[in-house]
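Trainee: I would like the atomic coordinates for the input below:
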Amino acid sequence: MKAVHGYAVIDTETTGILTGGWQHRIAEIAVVHVSPDGTITGEWSTLVNPERDLGPQNVHGIRAVDARRAPLFGEVAGDLVARLRGRVAVAHNWSFDARHLRSEFERLGIETPFESSSGLCTMRAAGRIRLGSRRSLADCCAAAGVPERSWHSARDDALAAAELLGYFIRCAPDAVTLTEAQVGAAFWDWPRIPVGTAAAVRRSEPGHVEPHFLARLVERMPRDEEPVADAYLAMLDAALLDRDISSTEGDMLVDLAHDLGLGRNELVALHLSYMRDLAREAWADEMVTDEERHDLLTVATLLALDHVVVDQILDEERAAASSVAPSGGRLGGLALRPGDKVVLTGSMARGREEIIAQAAAAGVRVTGSVSRQTRVVVAADPDSLSGKARKARELGVPVVSEEAFLTVLDRLAEPVSAPVVTIDDLLDR
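Mentor: You can find the predicted model right below:
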């Protein structure tokens, strides 16, 4: 057999377990190089934009705000192949990673050697020497004395599997004896695939907070004409529907502001005007409740306005409240009524059947496709990359969080004096 350069330990995080067609995709991948003597010599990892919802985010912990900025698989395929050439592929539960790798390359029209027999599986090696009583990566590593890591991160899982492989090489080499199929796959005749076409993207650090979207706008010279603001305010209304501005919505607001020629100072002025309209609406019945004030403060925080400004605006609008005719609706927010159509996307924290049943009890219909008649799209992650979320943004249909929608459904079930419950009422999220 040919002499291999060493090992390429692979781990993937995916949107689910099914492959083929347009089903589940790789959302993160890592490769760790290990020398023939078991020493870790290098690593590479990146998130991958799966072009669909991320599936069980409670398991893999990948945020859509990170994945949507990541390269497509085709953009890093060359970098991946470059790290596999001449090396035996290794993974913990190799058959799982092999299926997903094969599926991704098939989408690109590229044949691969990724079969169940073409890679070294550390899970099967653990079974051969009866390393512990369970086969999960965490359990095998614990039995081998490999330190714990942040499980279900492709990079950390690949590093852990690499250390586990080193343990086998040093302490139980017969468990990882190479086969002709594994060595043959290491020297697979890959086609020429461009490398370096996209930069790797890592997960945000825990606790990372996205910069406010206003910080991405530049100052502009004052203009004589009044800026066209209606389109921006309409999008702002939709973004504030569930009293949150996702990173995707922030990007859309920034792009629209650039298209309209609006600078940061002009947007701050628009936000102050928006707050004044909300304050005027709150004073329409000649009183502002604690709940209404809380709502105004929530919006102010999202728009990077000081809370002192809210109190000042409330005081100024109080004097004018008696001369303002009551408005027929809320400026921000969407009335959710029986008969409205909503669409769900992503893996919800609550069971879908339960959500659909609760919606039906409130007279709200859950449909499978997005149209202009859809009131809202409810996403497990408001930055969802799913086709439904993309269609909603194209049609101007608001995308709201699962928690916000469920709160509205709970309010709809409560006895109220008015027949309409609004997503504006969501405060403590």
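
Trainee: which intervals of the stretch 201-350 of the chain have sub-threshold pLDDT?
Mentor: For the stretch 201-350 of the chain, the stretches flagged by pLDDT under 70 are 216-228, 320-336, 338.

Trainee: that one: helices as residue ranges?
Mentor: Secondary structure of the stretch 201-350 of the chain (DSSP state H, counting those that start in this stretch): helices at 230-239, 247-260, 264-282, 290-302, 307-320.

Trainee: got these as TSV, with mean neighbour count columns?
Mentor: (Each C-beta comes from the backbone N, C-alpha and C, glycine too.) Conversion of these to TSV gives the following (neighbours: other CB atoms under 10 Å):
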stretch	mean neighbour count
helix 230-239	17
helix 247-260	18
helix 264-282	19
helix 290-302	17
helix 307-320	14
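
Trainee: which among those is found nearest to Thr12?
Mentor: Closest approach to Thr12 among the helices of the stretch 201-350 of the chain is made by helix 247-260 (24.2 Å; CB to CB).

Trainee: other residues contacting the closest one?
Mentor: Residues outside helix 247-260 that contact it (CB atoms under 8 Å, 6 or more residues apart in numbering): 64-65, 68, 210, 212-213, 216-217, 227-229, 231-232, 235-236, 238-239, 245, 263, 267, 382-383, 393, 399.

Trainee: to Ala161, which of the helices of the stretch 201-350 of the chain lies closest?
Mentor: Each of the helices of the stretch 201-350 of the chain has some distance to Ala161 by CB to CB; the shortest is helix 247-260, at 31.6 Å.

Trainee: quick check: angle from that closest one to helix 230-239?
Mentor: The directions of helix 247-260 and helix 230-239 differ by 180 degrees, with axes from the mean of the first three to the mean of the last three CA atoms, to 10 degrees as the criterion.

Trainee: could you check the angle helix 247-260 makes with helix 264-282?
Mentor: 120 degrees.

Trainee: begin at 440, not 1, for the rest of this chat.
Mentor: OK, 440 is where the count begins now, so the last one is helix 686-699.

Trainee: helix 686-699: how far from the chain's middle?
Mentor: How far helix 686-699 lies from its chain's middle: 18 Å, per CA atoms, centre = their mean, to the nearest Å.

Trainee: just the buried residues of the contacts of helix 686-699.
Mentor: 503-504, 507, 652, 656, 666, 668, 671, 674-675, 677-678, 684, 702, 706, 821-822, 832, 838 (16 or more other CB atoms under 10 Å).

Trainee: quick one: which of the contacts of helix 686-699 sit in strands?
Mentor: Among those, the members falling in strands (DSSP state E) are Val838.

Trainee: contacts only, for the residue nearest the centre of the chain.
Mentor: For the chain, the residue sitting closest to the mean C-alpha position, by CA atoms, centre = their mean, is Ala503 at 1.4 Å. Taking CB under 8 Å, 6+ apart as the criterion, Ala503 is in contact with 492-493, 496, 687, 820-824.

Trainee: how close does Val504 sit to Ser643?
Mentor: For Val504, the distance to Ser643 (CB to CB, to the nearest Å) stands at 7 Å.

Trainee: backbone phi and psi for Arg502, please?
Mentor: Recorded main-chain torsions at Arg502 are phi -90, psi 140, according to degrees, to the nearest 10.

Trainee: so it makes contact with Leu824?
Mentor: No: distance between Arg502 and Leu824: 10.7 Å, which falls outside the contact criterion (CB atoms under 8 Å).

Trainee: looking at these two, which one has more neighbours?
Mentor: The residue with more neighbours, out of Arg502 and Leu824, is Leu824; 25 against 17, by other CB atoms under 10 Å.

Trainee: wait, that one sits on Leu486?
Mentor: No: in this structure, Leu824 sits apart from Leu486 without contact. The criterion is CB under 8 Å, and the distance is 11.3 Å.

Trainee: mutual contacts of the two, please.
Mentor: Going by CB under 8 Å, 6+ apart, residues that sit against Leu824 and also against Leu486 are Ala506.

Trainee: columns distance to Asp450 on top of the contacts of Ala503, output as TSV?
Mentor: Listed next are the contacts of Ala503 as TSV, based on distance: CB to CB, whole Å:
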residue	distance to Asp450
Asp492	21
Leu493	17
Gln496	17
Thr687	27
Asp820	22
Pro821	28
Asp822	24
Ser823	24
Leu824	21
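
Trainee: which of the residues you listed fall in helices?
Mentor: 496, 687 (DSSP state H).

Trainee: report the two of the contacts of Ala503 separated the most.
Mentor: Every pair in these was compared (CB to CB); the two farthest apart turn out to be Gln496 and Thr687, at 15.0 Å.

Trainee: surely Asp822 and Ser685 touch.
Mentor: Yes: Asp822 lies in contact with Ser685 (CB under 8 Å); the separation is 4.9 Å.

Trainee: what is in contact with these two at once?
Mentor: Residues touching both Asp822 and Ser685 (CB under 8 Å, 6+ apart): Val504.

Trainee: so how far is the helix or strand hosting Phe544 from its chain's centroid?
Mentor: Assigned by DSSP states H and E, Phe544 falls within helix 533-546. Mean-position distance between helix 533-546 and its chain equals 22 Å (CA atoms, centre = their mean).

Trainee: what angle do the helix or strand hosting Asp450 and helix 533-546 make?
Mentor: In the assignment (DSSP H and E), Asp450 maps to strand 445-453. Interaxial angle, strand 445-453 versus helix 533-546 (the same axes, to 10 degrees): 80 degrees.

Trainee: what average pLDDT does strand 445-453 get?
Mentor: For strand 445-453, the mean pLDDT works out to 97.

Trainee: same thing with stretch 803-814?
Mentor: Stretch 803-814 shows an average pLDDT of 85 in the prediction.

Trainee: what's in contact with it?
Mentor: Outside of stretch 803-814, the residues that reach it under the criterion CB under 8 Å, 6+ apart are 773, 775, 777-783, 794-795, 798-799, 816, 827, 830-831, 834, 836, 848, 851.

Trainee: how near is Lys780 to Ala801?
Mentor: Taking CB to CB as the measure, Lys780 and Ala801 are separated by 13 Å.

Trainee: pretty sure Arg594 sits against Glu482.
Mentor: Yes: Arg594 lies in contact with Glu482 (CB under 8 Å); the separation is 6.9 Å.

Trainee: mutual contacts of those two, please.
Mentor: Taking CB under 8 Å, 6+ apart as the contact rule, Arg594 and Glu482 both touch Ala469.
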